[in-house]
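could you look at this predicted model? Sequence included:
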Amino acid sequence: MQWTIAMQAAVLLALLVGVDAAKAQPPIRAESGTQRPIDEASGVYQVQFEQPPAGRELSLSSDAAQVVRAYVADDPLRTTLPWAVAVSGRDSKALTHITIDLPRSFADREPARRVVIIETIETSGQLPDGRILLGTDRVQRAKTQAKTQAKTQAKTQAKTQAKTQAKTQAKTQAKTRTKTRAASRPRVTELRPGWIDPQEVLTWSQTATRPGRYTAELTYALAGTPNQDNEIELSIAGQTLSGTVQPTGAHAASATCTSIALGEVAIVAPGELVVTLKCTHRNHPASILDALAITLRPACEGRPIAQADDGSVTCHARDVTIHGVQVQYEPRPEKNTVGYWTNPRDRVAWEFTLQTPGRFEVEILQGCGKDAGGSDVELSVDDQTLRFVVEDTGHFQNFVARKIGAVELDKPGRHTLRVKPLNKAGVAVMDLRQVRLVPVP
């Protein structure tokens, strides 16, 4: 890892983004159950019920944050739970009431499994957990090119007919629009209603702090019946994803919301990210959708990991999932590592499938620059935790294999291995090329 002024500036930007996001995410208040933060800086909370909730509903309120996704904690598919949103009051006194619909089987669960995970947004940005959230506070609406050209021609003709009067009116209108926009800046607790024209495009612009793969998700509401779906197209950094938005339910005093995944995209470099959403075919007679948020969720950089024939599990850097604003997979052949680990709040994970359970020795392949060793790091597999101190290997790409302990995995199926720093002793935590789980005879 060779340091340049640009790299140092990128690190500073990532740290500032993380700090701002940490301050920007206030708690969202559950009106029943026991709530605690999972990652408060990223707006992620859990609510647990000792007693079955009344009416299969989880009620929340907030004067700043909005839900972008909710699911049952131990659901391996993380199936999105629908929720209804109603806003009372206006401006700074507005209060958002949120009601999450729980599964029918939720009440029959043991108390330890009656847990709902709630992801929220208060402002657009890249959060400490690596997600990029684009909310209603950052969206812009514009006509497509054909209508823009027609509108421009009409304006030109009007100016030709009465040039002086038109200029005066344009200046007055521009001042009025600026004042109006400043006074009525949208809050993320509000939906963006009134998207009815297929020629209109929604656009967001946001700084991405690191490269990597992301799953794009759309959070929206659409009143109507099942046959009134619309076709939409989401463009991210020149990559296009298509999808169908189904009606979420009827609007009354509230809007019923859901979140859908549209596919994966790759962000190749940090910098400005332009995201557009347009309708390609409208079946609904009156609306396209009410947009709440676009979520770019960190995705696996490579392929799913399976247990090898010899019983070992190898978590390569190329198959990592990044949860952070700076750490990233560096694919160049001489690197092929998780690197750029300059933000100690960043963490990484691998999901793998186990066919044959047992006891496994954990071996890491790590490198660290001269005089940069000494960071304390926690490695966990499910709920089992190991700790180690990063060794100075003389260079970040001088990788050394180290055995750091053992874990006991007694069940086949999916497991998650996580690595997170507890502190940073030098310029960066380490470079991590792979983690291996080797069966103990």
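Sure, I can see it.

C-alpha from now on. contacts and neighbour counts both.
OK.

domains in this protein, by residue range?
Per automatic domain parsing, the domain ranges recorded for the chain read 19-120, 132-143+188-298, 302-439.

ends of the last one, how far apart?
Which is domain 302-439. 24 Å (C-alpha to C-alpha, to the nearest Å).

can you check the second one too?
Start and end residues of domain 132-143+188-298 are separated by 9 Å (C-alpha to C-alpha).

i'd like the first residue to be 20 from this point on
All right, first residue 20 from here; so that's domain 151-162+207-317.

what's the model's confidence in that domain, averaged?
Averaged across domain 151-162+207-317, pLDDT comes to 90.

ok, the residue positioned nearest the centre of the chain - contacts?
Central residue of the chain (C-alpha atoms, centre = their mean): Arg150, 2.8 Å from the mean position. Residues in contact with Arg150, defined by C-alpha atoms under 8 Å, 6 or more residues apart in numbering, are Thr314, Leu315, Arg316, Pro317, His342, Gly343.

just the closest of those residues to His116, please.
For His116, the nearest member of these is Thr314. The distance, counting by C-alpha to C-alpha, is 21.4 Å.

on that earlier part again, of the domains of the chain, which is nearest Gln145?
So among those, domain 151-162+207-317 is nearest, using C-alpha to C-alpha, at 4.2 Å.

distance to Gln145 and mean neighbour count for the domains of the chain - can I get that in TSV?
Rendered in TSV, the data for the domains of the chain read as follows (distance: least, C-alpha to C-alpha, whole Å; neighbours: other C-alpha atoms under 10 Å):
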stretch	distance to Gln145	mean neighbour count
domain 38-139	7	18
domain 151-162+207-317	4	19
domain 321-458	7	19
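
which residues in the protein form helices?
For the chain, the helices defined by DSSP state H occupy 24-43, 164-180, 182-202.

flag the shaky bits of this structure, pLDDT-wise.
20-46, 106-114, 163-213, 269-272 (pLDDT under 70).

biggest strand in it by residues?
Longest strand in the chain, counting residues (DSSP state E): strand 414-428.

keep only those of the contacts of Arg150 that are in strands.
If you go by DSSP E, the contacts of Arg150 have Thr314, Leu315, Arg316, Pro317, His342 in strands.

ok, these vs Val284, which is closest?
Leu315 (8.8 Å).

ok, now how distant is the closest one from Arg301?
For Leu315 relative to Arg301 (C-alpha to C-alpha), the value is 25 Å.

confirm for me that Ala336 is in contact with Pro352.
No: between Ala336 and Pro352 there is no contact under C-alpha atoms under 8 Å: 11.8 Å.

pull the distance from stretch 429-447 to the chain's centre.
Centre-to-centre, stretch 429-447 and its host chain are 19 Å apart (C-alpha atoms, centre = their mean, to the nearest Å).

span of it from start to end?
With C-alpha to C-alpha as the measure, stretch 429-447 spans 35 Å from end to end.

contacting residues around Asp58?
Contacts for Asp58 (C-alpha under 8 Å, 6+ apart) come out as Tyr64.

I'd like the distance between it and Pro352.
Counting by C-alpha to C-alpha - Asp58 and Pro352 are separated by 34 Å.

and for Asp148?
Where Pro352 is concerned, Asp148 sits at a distance of 27 Å (C-alpha to C-alpha).

likewise Glu76?
51 Å.
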